[in-house]
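>>> Sequence unavailable; structure follows:
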């Protein structure tokens, strides 16, 4: 969760608030998630209700709010004002930055508080690591928690893979339908290109017959039609790139992993459209190259 805080002897302009991620964890959290401690220490068994409340901050937090200073030993208080009832906590360690969502890869300043000193208001999540089947630890986890408080329920036990599957199901469904829509759009574009080129060949049927009569080869006719298709495709792709660049910043906020100027997206899309346009133009071009000049002129 995001919470306001203030730093001891660190004045803030009126109306301004300092905010940070607030994460309540136990001492083994950093080892379980392989988050290194860069300076100071993590929480240990000596930190309890009778001792000075302590906190571990991230490197991003230290760089933003203690630029050029050593934050170890400084005190912070959660809450936006002096009326806050939260205790002052002493910074004892600096941890590496970490992401807190698999979707949002940006690292944000965070304050880690010790669950042994400041229990969270809501239910807690326990993380267990093992080399074997994770679900085999479920009975032991229930027994261990029951020894602390038999009335505390332990539910929603799942592996990290199961958690990701449940989280991704909706997004995968949406992504699949977006993929289907994209394929339909590409198919409609191919049909449109084929129809335009077929109509072009039909309109220039007499011209093609004249060209063949005057000595043009069928290879020349093939190149002429494909060249015309290339010009139309190039104009359409250029206009599409300009429009896509204009809308990219709007779409980037709605789609995960999409950057406004991602060259891979633009190059892949452009190459795909060019290939589809070429394949759609090939049949009309082959038809134009196979025109019988005598029959074409006689029909006119």
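Received the coordinates, thanks. Quantities reported herein were computed from a predicted structural model and do not represent experimental measurements. Numbering: from 1, shown residues only.
>>> Excluding chain neighbours, what is closest to residue 64?
The shortest distance from residue 64 to any non-neighbouring residue, by Cβ to Cβ, 6 or more residues apart in numbering, is to residue 109 (5.4 Å). Bear in mind the C-beta positions are built from the backbone N, C-alpha and C, glycine included.
>>> burial measure for residue 6, as a count.
The local packing of residue 6 (other Cβ atoms under 10 Å) involves 20 other residues.
>>> Show me what the host helix or strand of it pairs with in its sheet, parallel or antiparallel.
Using DSSP states H and E, residue 6 sits in strand 2-7. Paired with strand 2-7 in the same sheet, following DSSP bridges, are strand 18-25 (antiparallel), strand 75-78 (antiparallel).
>>> Please identify the most buried of the ones you listed.
Mean neighbours per residue, mean count of other Cβ atoms under 10 Å, is largest over the strands paired with strand 2-7 for strand 75-78, with a mean of 20.
>>> related to what we said a few turns ago, and residue 245, which of the strands paired with strand 2-7 is closest to it?
Relative to residue 245, the nearest member of the strands paired with strand 2-7 by Cβ to Cβ is strand 18-25, separated by 33.7 Å.
>>> what kind of secondary structure is residue 267 in?
helix (DSSP: H, G, I helix; E, B strand; the rest coil).
>>> what's the neighbour count on it?
Residues lying near residue 267 (other Cβ under 10 Å) number 10.
>>> One more: the one 3 residues further on?
For residue 270, the number of neighbouring residues by other Cβ under 10 Å comes to 15.
>>> Likewise for residue 30?
20.
>>> Equivalent analysis for the one 3 residues further on, please.
Residues within reach of residue 33, counting by other Cβ under 10 Å, total 12.
>>> Quick one: residues contacting it.
By Cβ atoms under 8 Å, 6 or more residues apart in numbering, the contact set of residue 33 is 98, 127.
>>> Look at it and report its pLDDT.
pLDDT, residue 33: 82.
>>> circling back: hmm, the residue nearest to residue 64 is touching residue 23, no?
No: the pair residue 109 / residue 23 is not scored as a contact, 11.1 Å apart, by Cβ atoms under 8 Å.
>>> who touches stretch 214-225?
Taking contacts as Cβ under 8 Å, 6+ apart, the residues outside stretch 214-225 that touch it are 197, 200-201, 208, 211-212, 281, 284-286, 288-291.
>>> what ranges of the stretch 201-300 of the chain fall below the confidence cut-off?
Along the stretch 201-300 of the chain, the model assigns pLDDT under 70 to residues 251-258, 260, 292-300.
>>> just to revisit the earlier point, can you redo the strands paired with strand 2-7 as a markdown table with mean pLDDT and distance to residue 64?
Formatted as a markdown table, the strands paired with strand 2-7 follow (pLDDT from 0 to 100; distance: least, Cβ to Cβ, whole Å):
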| stretch | mean pLDDT | distance to residue 64 |
| --- | --- | --- |
| strand 18-25 | 84 | 9 |
| strand 75-78 | 87 | 13 |
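>>> okay, those in CSV with distance to residue 277 next?
Below are the strands paired with strand 2-7 laid out as CSV (distance: least, Cβ to Cβ, whole Å):
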stretch, distance to residue 277
strand 18-25, 49
strand 75-78, 59
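>>> right, and the ones you listed - which one's nearest residue 264?
Distance to residue 264, taken as Cβ to Cβ, is lowest for strand 18-25 among those, at 31.0 Å.
>>> which other helices and strands contact the very next helix or strand once past that closest one?
Note on strand 18-25: by DSSP H and E, the next helix or strand toward the C-terminus is helix 29-32. Applying 3 or more Cβ pairs under 8 Å, 6 or more residues apart in numbering; DSSP states H and E, we find helix 29-32 packed against no helix or strand.
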